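[1] Sharing a model prediction with you, sequence too.
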Amino acid sequence: DTAVSQTPKYLVTQMGNDKSIKCEQNLGHDTMYWYKQDSKKFLKIMFSYNNKELIINETVPNRFSPKSPDKAHLNLHINSLELGDSAVYFCASSQLGRQGTNYGYTFGSGTRLTVV
Amino acid sequence: SQQGEEDPQALSIQEGENATMNCSYKTSINNLQWYRQNSGRGLVHLILIRSNEREKHSGRLRVTLDTSKKSSSLLITASRAADTASYFCATDYLGGGADGLTFGKGTHLIIQP
């Protein structure tokens, strides 16, 4: 049983296309996240979603939009893909403690996006 | 930026030796966590140390936290080839709530057989 699963694992697409990455967690966690990992392995948070509250990193272009049909899913939709969007995208989930304390993530295995 | 920093960026040691990685951060935290990432994989949670703790052990891992210096270290004892991976510290900032963890830039550890 995979706790956090992302699909697809690899995605190669042309500039200008629109694509989606799916993420599902079966841990019953209340918060889900999307991170972008660049070629230098730097991890940058893009979005977090908790009980229908979406927190957006202000540096993320509005071509990126998260969609959560329910608590177990947080999909990432990207419009008008650009070369600079090439990276590995990770989904993660966590169960926040009292006062929002974060005791750790469970990560998906990542989606390697290549824009050509 | 609240971005943490790890050092060294890369570390290569012989199997059986101890590996030490350091992490610094910038503001008050609830806790600090360490993660491992094997090549081509997602990150795996290793250990968490709360802001009121100074040292924690888990198997061959030892983590220390110095909140006055805003720094932490991860020691892996008796290293094995399978420990080859990138290691990241991540901080849960006080009042961060659902903002999420902030990750450092990582230390790439290579264990030579």
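    That came through, no problem.

[2] thought B:Asp92 was touching B:Ile29?
    Yes. B:Asp92 is within contact range of B:Ile29, at 6.1 Å (criterion: C-beta atoms under 8 Å). Where C-beta positions appear, they are placed from N, C-alpha and C, glycine not excepted.

[3] Okay, now the sheet partners of the helix or strand in which B:Asp92 is found, with direction.
    Secondary structure assignment for B:Asp92, by DSSP states H and E: strand B:85-93. Looking at strand B:85-93 with DSSP bridges, its partner strands are strand B:29-37 (antiparallel), strand B:102-103 (antiparallel), strand B:107-112 (antiparallel).

[4] more neighbours, B:Asp92 and B:Ile29?
    Comparing B:Asp92 with B:Ile29 by other C-beta atoms under 10 Å in any protein chain shown, the one with more neighbours is B:Asp92, at 27 against 24.

[5] Now name the helix or strand holding B:Ser12.
    Judged by DSSP H and E, B:Ser12 forms part of strand B:10-14.

[6] hang on, the earlier thing: contacts for the strand holding B:Asp92?
    Here strand B:85-93 makes contact (C-beta atoms under 8 Å, 6 or more residues apart in numbering or on different chains) with A:41, A:43, A:101-103, A:105, B:2, B:4, B:6, B:21, B:23, B:25, B:27-39, B:43, B:46, B:72, B:74, B:99, B:101-109.

[7] if we go to 7 Å?
    A:41, A:43, A:101-102, B:2, B:4, B:6, B:21, B:23, B:25, B:27, B:29-38, B:43, B:72, B:74, B:101-104, B:106-109 (C-beta atoms under 7 Å, 6 or more residues apart in numbering or on different chains).

[8] Now a PyMOL select for only the buried ones of the residues you listed.
    The following PyMOL line selects those of those that are buried, judged by 16 or more other C-beta atoms under 10 Å in any protein chain shown:
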select buried, (chain A and resi 43+102) or (chain B and resi 4+6+21+23+25+29+30+31+32+33+34+35+36+37+43+72+74+101+102+103+104+106+107+108+109)
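
[9] Quick check: residues of chain A near chain B?
    Counting by C-beta under 7 Å from any C-beta of the partner chain, the residues of chain A close to chain B are A:31, A:33, A:41-43, A:45, A:48, A:50, A:53, A:55, A:90, A:96, A:100-105, A:107-110.

[10] show me where chain A has strands.
    A:4-7, A:10-13, A:19-25, A:31-37, A:43-50, A:53-56, A:64-67, A:75-78, A:87-94, A:106-107, A:111-115 (DSSP state E).

[11] got these as TSV, with mean pLDDT and distance to B:Pro113 columns?
    Formatted as TSV, the strands of chain A follow (pLDDT from 0 to 100; distance: least, C-beta to C-beta, whole Å):
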stretch	mean pLDDT	distance to B:Pro113
strand A:4-7	96	32
strand A:10-13	98	30
strand A:19-25	98	36
strand A:31-37	95	28
strand A:43-50	92	29
strand A:53-56	83	44
strand A:64-67	94	42
strand A:75-78	97	39
strand A:87-94	96	28
strand A:106-107	96	28
strand A:111-115	98	28
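
[12] List the contacts of the most centrally placed residue in chain A.
    In chain A, the centroid-proximal residue (C-alpha atoms, centre = their mean) is A:Trp34; its distance is 2.6 Å. Neighbour list for A:Trp34: A:Met46, A:Phe47, A:Pro66, A:Leu74, A:Leu76, A:Tyr89, A:Cys91 [criterion: C-beta under 7 Å, 6+ apart].

[13] circling back: helices or strands up against the strand holding B:Ser12?
    In this structure, strand B:10-14 packs against strand B:19-24, strand B:107-112, with contacts taken as 3 or more C-beta pairs under 7 Å, 6 or more residues apart in numbering or on different chains; DSSP states H and E.
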